[in-house]
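Enquirer: need a 3D model of the following:
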Amino acid sequence: MANISTDSNSEQPCKKTSPFADLKTSDDTILYATSDRQKCPTCSRMLKYFCYRCFTVIGMDRSQVPSITLPVPLDVIKHEQELDGKSTAIHARVLAENDVAIYNWQEIPTYENPERVLMLFPGPDAKTLDQIPRESFDRIIVIDGTWRQAKRMVRETPQLGLMQKVTIEPRQTYFWRYQQLSENYLATIEAIYYLYREFAETYETPDGYDGRYDNLMFYYRFFYELIQDYYKEKTQKKFTHRHKRDYIQYESNEKEASEPK
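Expert: Predicted coordinates for the structure are as follows:
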């Protein structure tokens, strides 16, 4: 995440044009009121919002951040070269603390029944959830790393090859870090969110998704909107030129509103 600071008097960015405007996420006012880095009570690092090593909430009471219960426990297998401070998988670990575990690749646990684990990984043998019987799995794995790292991890870890592969519908990423891939390569937390959303649509809410897992995007939505607002106000400071064109939505809503009908 960009090193962006706000003070308690900062106005929240306009959310009506956000791609996440329809999400039923909890009130994030407390995040905007957090202006300074504070010491993690466990490791003493100076951080904002949460500790990416200890997974503790920082600068606010834990009750002011949503707690999520997932229907199937999630393990994130992270490549060691994926920096902790840049991994969006940490969001899931903080928000669903009882249902999410994060392991480095070289410390991956041994799964007694790997055939009963779903691994989110695209490929010709990957199925969508509506093709997978609910009773056939009791754990989900997501790989956290670059696409090249992820392929190597799966290729060189025999037990991962024994797992059922699941895929999700193509979605557009709104990740703020540059990548030389298509816009359908999602940040890890985006992939996790859409997988559990599709889980709900497939097994839990046949009459329509009700937003029950939207809080997985609690931090991600906040960071996206904070970055948008920051670069709109700091017009003399441009967002990285390497990112995709028009990532920052510079007053597009005001321009549209001023155009004659």
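
Enquirer: rounded mean pLDDT for stretch 187-200, please.
Expert: Average pLDDT, stretch 187-200: 96.

Enquirer: could you export that stretch as PDB, CA atoms only?
Expert: Only the C-alpha atoms of stretch 187-200 are listed here, as PDB (Å, rounded to 0.1, in the frame of the first residue of the first chain):
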ATOM      1  CA  ALA A 187      -5.100  -9.200  -5.900                       C
ATOM      2  CA  THR A 188      -5.200 -12.100  -3.500                       C
ATOM      3  CA  ILE A 189      -7.900 -10.600  -1.300                       C
ATOM      4  CA  GLU A 190     -10.100  -9.900  -4.400                       C
ATOM      5  CA  ALA A 191      -9.700 -13.600  -5.400                       C
ATOM      6  CA  ILE A 192     -10.600 -14.700  -1.900                       C
ATOM      7  CA  TYR A 193     -13.600 -12.500  -1.700                       C
ATOM      8  CA  TYR A 194     -15.000 -13.500  -5.100                       C
ATOM      9  CA  LEU A 195     -14.500 -17.200  -4.300                       C
ATOM     10  CA  TYR A 196     -16.500 -17.000  -1.000                       C
ATOM     11  CA  ARG A 197     -19.100 -14.800  -2.800                       C
ATOM     12  CA  GLU A 198     -19.500 -17.600  -5.400                       C
ATOM     13  CA  PHE A 199     -19.600 -20.100  -2.600                       C
ATOM     14  CA  ALA A 200     -22.600 -18.300  -1.100                       C
END
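
Enquirer: for the helix or strand containing Tyr196, packing partners?
Expert: In this assignment (DSSP states H and E), Tyr196 forms part of helix 188-199. The elements that helix 188-199 packs onto, with contact taken as 3 or more Cβ pairs under 8 Å, 6 or more residues apart in numbering; DSSP states H and E, are strand 74-78, helix 89-95, strand 117-120, strand 139-144, helix 218-233. In this view, the C-beta of every residue, glycine as well, is placed from N, C-alpha and C.

Enquirer: excluding residues flanking it in the chain, which one is nearest the residue nearest to the spatial centre of the chain?
Expert: Nearest to the geometric centre of the chain sits Ile189, at 1.8 Å (Cα atoms, centre = their mean). Of all residues not flanking Ile189 in the chain, Thr88 sits nearest, at 3.8 Å (Cβ to Cβ, 6 or more residues apart in numbering).

Enquirer: relative to Ile68, how far out is the one you found?
Expert: Per Cβ to Cβ, to the nearest Å, Thr88 is found 15 Å from Ile68.

Enquirer: number of residues surrounding Tyr209?
Expert: Number of residues near Tyr209 (other Cβ atoms under 10 Å) recorded here: 15.

Enquirer: how about the strands in the stretch 1-150 of the chain?
Expert: For the stretch 1-150 of the chain, the strands defined by DSSP state E, counting those that start in this stretch cover 38-39, 46-47, 74-78, 100-104, 117-120, 139-144.

Enquirer: sketch out the low-pLDDT regions of the stretch 101-250 of the chain for me.
Expert: 176-184, 232-250 (pLDDT under 70).
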